[in-house]
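Student: Structure for the following, please:
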Amino acid sequence: MTDDTRYVVVGVEKFQQEMHLLRRQAQGAGGAYLHLYRELLREIERLRTGVTDGHHALGYEAGKGDLRDCVTAYLRSDPGHKADYRLVFREIGPREPGQLPRRELLAMKPRRGRNNIYAHVCARLSRHPNDQQPGLNRFGNRRPDARGSQAARQAELDIKRAIAHAWAGQQPLRSTRPLGLDEARSPRGTPHDGPAAQVQHPGQREADTRSEPSSSDPARDRPAHRTGYPQPGGIRQGLTGWPTRDR
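Tutor: From the prediction side, this is the model:
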């Protein structure tokens, strides 16, 4: 870990699987896959050093889920066009006093089409897209504003990051692991600053559109009143990964 490291970048299991797939696609097909993979590595490096805090904080919207503790960043698969991918992550405090805070990467998906990143994030966090999480009320109820001024967006990011770092209930998923930082190289063998990471491209079938293992649910090991996450015990999982509803 270098002296310019300000955050430990970690990723949930599904995200790391996506990175591995994208790396293979970049090696095999190049083109947009290769550019997107390099963009992702650069963004992870920027998150690690604190050069960026993401584009804007997320909020709650019925049907999209309660993601008030999450942040969105944007990536491009084509340098000649606008950003066409979203990267969603959470700010989490240090494991122990004196250690670095963490940034937990949850998902990276296209901005357009049926492959809704927010549905995947809700599934990975075991949150139903129509429910509010009581533990997240501390983040406020302001709707996300992706088009606000840079200063306004940064101020909200700073406030929510401070709340997340101070809240003991903000914990990574059980499947979350650090991203490797050794011998990082692009798929073409060109040295690249950043984690030796691995992601995915649109049109690929998602493993997590089936059922997310309950072992990834933070509520498994912590009481609901601390985290605000739903208790998964005895709840049947639907095809998307969140609990089925009997309404």
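
Student: Now do the lengthiest helix in the chain: which elements does it pack against?
Tutor: Selection of the longest helix in the chain by residue count, based on DSSP state H, yields helix 31-49. Taking 3 or more Cβ pairs under 8 Å, 6 or more residues apart in numbering; DSSP states H and E as contact, the helices and strands that helix 31-49 lies on are strand 8-11, helix 13-29, strand 70-75, strand 85-92, strand 102-110. For the C-beta atoms, the positions are set from N, CA and C on the backbone; glycine is no exception.

Student: Which one of those lies nearest to I44?
Tutor: strand 8-11 (5.6 Å; Cβ to Cβ).

Student: Let me know the average pLDDT across the closest one.
Tutor: Summarised as a single mean, pLDDT over strand 8-11 is 97.

Student: what comes into contact with whatever helix or strand comes next after the longest helix of the chain?
Tutor: Reading on from helix 31-49 to the C-terminus, the next helix or strand found by DSSP states H and E is strand 56-57. With Cβ atoms under 8 Å, 6 or more residues apart in numbering as the contact definition, strand 56-57 has outside contacts at R68, C70, V71, T72, P144, D145, A146, G148, R153, E156, L157, K160.

Student: Let's see which of those residues end up in strands.
Tutor: Using DSSP state E, the subset of the contacts of strand 56-57 located in strands is C70, V71, T72.

Student: count of residues packed around the closest residue to the second one other than its chain neighbours?
Tutor: Counting by Cβ to Cβ, 6 or more residues apart in numbering, G54 is the residue found nearest to V71 once chain neighbours are left out, at 3.7 Å. Here the number of neighbours of G54 (other Cβ atoms under 10 Å) works out to 24.

Student: you'd agree G54 is up against C70?
Tutor: No: proximity of G54 to C70 does not meet the contact threshold set by Cβ atoms under 8 Å, at 9.1 Å.

Student: give me every residue that touches the residue lying closest to P79 once chain neighbours are set aside.
Tutor: In space, and not counting its chain neighbours, P79 is closest to H35: 6.5 Å by Cβ to Cβ, 6+ apart. Applying Cβ under 8 Å, 6+ apart to H35 gives the contacts R76, S77, D78, P79.

Student: how near is the first one to R161?
Tutor: Read it as R76. Summarising the geometry, the distance separating R76 from R161, computed by Cβ to Cβ, to the nearest Å, is 25 Å.

Student: Please identify which of these two sits among more neighbours.
Tutor: Set side by side, R76 and R161 show unequal neighbour counts under other Cβ under 10 Å, the larger going to R161 at 21 against 15.

Student: Please list the members of the contacts of strand 56-57 that lie in helices.
Tutor: When the contacts of strand 56-57 are checked against helices using DSSP H, the ones located there are R153, E156, L157, K160.

Student: List only buried entries from the residues you listed.
Tutor: With neighbours counted by 16 or more other Cβ atoms under 10 Å, the ones in helices among the contacts of strand 56-57 contain buried members at R153, E156, L157, K160.

Student: Show me which of those residues is closest to L22.
Tutor: Each of those was scored against L22 by Cβ to Cβ, and L157 proved nearest at 25.9 Å.

Student: Wait, that closest one touches C70, no?
Tutor: No: because the distance of 11.2 Å does not satisfy Cβ under 8 Å, L157 is recorded as not touching C70.

Student: for this protein, where's the lowest mean pLDDT among helices and strands?
Tutor: Here the helix or strand of the chain ranked lowest by mean pLDDT, DSSP states H and E is helix 224-227, holding a mean of 36.

Student: Give me the nearest residue to I117, chain neighbours excluded.
Tutor: That would be K109: by Cβ to Cβ, 6+ apart, it lies 3.7 Å from I117.

Student: Now do the residue nearest to C70 when sequence neighbours are not counted against V121, distance only.
Tutor: On the basis of Cβ to Cβ, 6+ apart, the spatially nearest residue to C70 that is not a chain neighbour turns out to be L58, at 4.5 Å. L58 is 9 Å from V121, where distance means Cβ to Cβ.
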